[in-house]
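Trainee: Compute the structure for the input listed below.
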Amino acid sequence: MNLLKTGDDVDGIFTQLTQLIKTLRSESGCPWDRKQTLRSFHPYVLEEYHELVQAIDGVDPDEMVEEAGDLIFLVIFLGLMIEECGYGTLPDMLSGVIEKMTRRHPHVFGNVSVANDKEVVENWSKIKASEEKIKSRKSILDGIPRSLPALSRAYQLSSRAAKVGFDWSGVDELLPKIDEEIGEFKKALEHNNSDSVRQEFGDLLFTLVNVARRLGIDPEAGLNETSDKFEKRFKYMETRLESKGKAWPQTSMTELDGYWDEAKAMEENDPD
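Mentor: The predicted model follows:
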């Protein structure tokens, strides 16, 4: 059954998409789609989001269009499951976000004037803080999802705390803290206590995230850049091994280090 009709407008396409999902969820639909729940869908939404980010970072238009479509499909799928649970309808969700975005953009839909994007952000924060949902929060840290990537969650938690003055005065004050956390991590290793090792490792990462925040560095982006660099160098090593007809077990660490240094030198000579 082909539900797609070419040449339809956005409203028509949206209707087709919701009908497709409802068909998949129906008794005569797909067993896998029928068994999905709001909780079981978490990994798929996160996976598709990251695939879209990768397509954007790689400036691949075809991939962007495909991955954006996949993500939109999953979000609407989630919306319809919320509707099935009786928590609200798709029109409720869409009208709610339209009302919220209209309210938070008084410089577009009202009579507020702004000089630049900084003032937009300032107004947005004030409007958001005045909303009942935000005012009802008991803690300044409420509303930061635990499902965020760990580095991003740590960044947001420390940023919120910093807004009320709970922060280091600067990076110079944080550097000794890194040494302190490394010392505590080493002690945990010496005592061979797995719980302490994990906790001290987390403390060290959290401190490094705060260093990144104070320097204006996105820790996720910084780590991803390093991971990209590692991936590129590792693949170069694989290519060198293949060219020599050798396998990993047949190669000494000294030789591997040499290939790693070659890859590193190539990057330095050609940073692009």
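
Trainee: which other residues reach stretch 45-60?
Mentor: 63-64, 66-68, 70-71, 74-75, 78, 147 (Cβ atoms under 8 Å, 6 or more residues apart in numbering). No exception for glycine: its C-beta is placed from N, CA and C like everyone else's.

Trainee: Going along the chain, name the helices of the protein.
Mentor: For the chain, applying DSSP state H gives helices covering 10-25, 31-35, 42-57, 61-84, 90-103, 106-109, 117-130, 132-135, 150-163, 171-191, 194-214, 219-243, 253-269.

Trainee: for the second one, what is the average pLDDT?
Mentor: It refers to helix 31-35. Averaging pLDDT along helix 31-35 gives 95.

Trainee: what comes into contact with it?
Mentor: The contact list for helix 31-35 (Cβ under 8 Å, 6+ apart) reads 21, 24-27.

Trainee: and the residues you listed, which are buried?
Mentor: Neighbour-count burial within these applies to 21, 24-25; the criterion is 16 or more other Cβ atoms under 10 Å.

Trainee: okay, and for the stretch 1-150 of the chain, where does confidence drop off?
Mentor: 1-8 (pLDDT under 70).

Trainee: buried sites along stretch 168-185?
Mentor: Quick answer for stretch 168-185 (16+ other Cβ under 10 Å): 168, 174, 177, 181, 184-185.

Trainee: Mind putting the residues you listed into JSON lines with pLDDT?
Mentor: Output for the buried residues of stretch 168-185, formatted as JSON lines (pLDDT from 0 to 100):
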{"residue": "168", "pLDDT": "89"}
{"residue": "174", "pLDDT": "91"}
{"residue": "177", "pLDDT": "94"}
{"residue": "181", "pLDDT": "95"}
{"residue": "184", "pLDDT": "95"}
{"residue": "185", "pLDDT": "95"}
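
Trainee: Backbone dihedrals for the residue most central in space within the chain, please?
Mentor: Among the residues of the chain, the one closest to the centroid is residue 149, at 5.9 Å (Cα atoms, centre = their mean). Main-chain dihedrals, residue 149, degrees, to the nearest 10: phi -50, psi 140.

Trainee: Give the closest residue to it in space, chain neighbours not counted.
Mentor: The spatial neighbour of residue 149 that comes closest, neighbours along the chain excluded (Cβ to Cβ, 6 or more residues apart in numbering), is residue 220 at 6.1 Å.

Trainee: give the contact list for the one you found.
Mentor: By Cβ under 8 Å, 6+ apart, the neighbours of residue 220 are 149, 151-152, 155.

Trainee: rerun that using 7 Å as the cut-off
Mentor: 149, 151-152 (Cβ atoms under 7 Å, 6 or more residues apart in numbering).

Trainee: In PDB, could you pull the C-alpha coordinates for stretch 55-70?
Mentor: The C-alpha trace of stretch 55-70 is given here as PDB (Å, rounded to 0.1, in the frame of the first residue of the first chain):
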ATOM      1  CA  ALA A  55      24.600  14.900   8.400                       C
ATOM      2  CA  ILE A  56      24.600  18.600   9.200                       C
ATOM      3  CA  ASP A  57      28.200  18.600  10.400                       C
ATOM      4  CA  GLY A  58      29.200  16.700   7.200                       C
ATOM      5  CA  VAL A  59      27.300  19.300   5.100                       C
ATOM      6  CA  ASP A  60      25.500  16.500   3.200                       C
ATOM      7  CA  PRO A  61      22.200  17.900   1.800                       C
ATOM      8  CA  ASP A  62      20.800  14.500   0.800                       C
ATOM      9  CA  GLU A  63      21.600  13.000   4.200                       C
ATOM     10  CA  MET A  64      20.200  16.100   6.000                       C
ATOM     11  CA  VAL A  65      16.800  15.800   4.100                       C
ATOM     12  CA  GLU A  66      16.600  12.000   4.800                       C
ATOM     13  CA  GLU A  67      17.600  12.200   8.500                       C
ATOM     14  CA  ALA A  68      15.400  15.200   9.200                       C
ATOM     15  CA  GLY A  69      12.500  13.100   7.700                       C
ATOM     16  CA  ASP A  70      13.400  10.200   9.900                       C
END
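
Trainee: In it, which residues are buried?
Mentor: 55, 64, 67, 70.

Trainee: Could you do stretch 73-80 as well?
Mentor: For stretch 73-80, burial by neighbour count (16+ other Cβ under 10 Å) applies to 74, 76-80.
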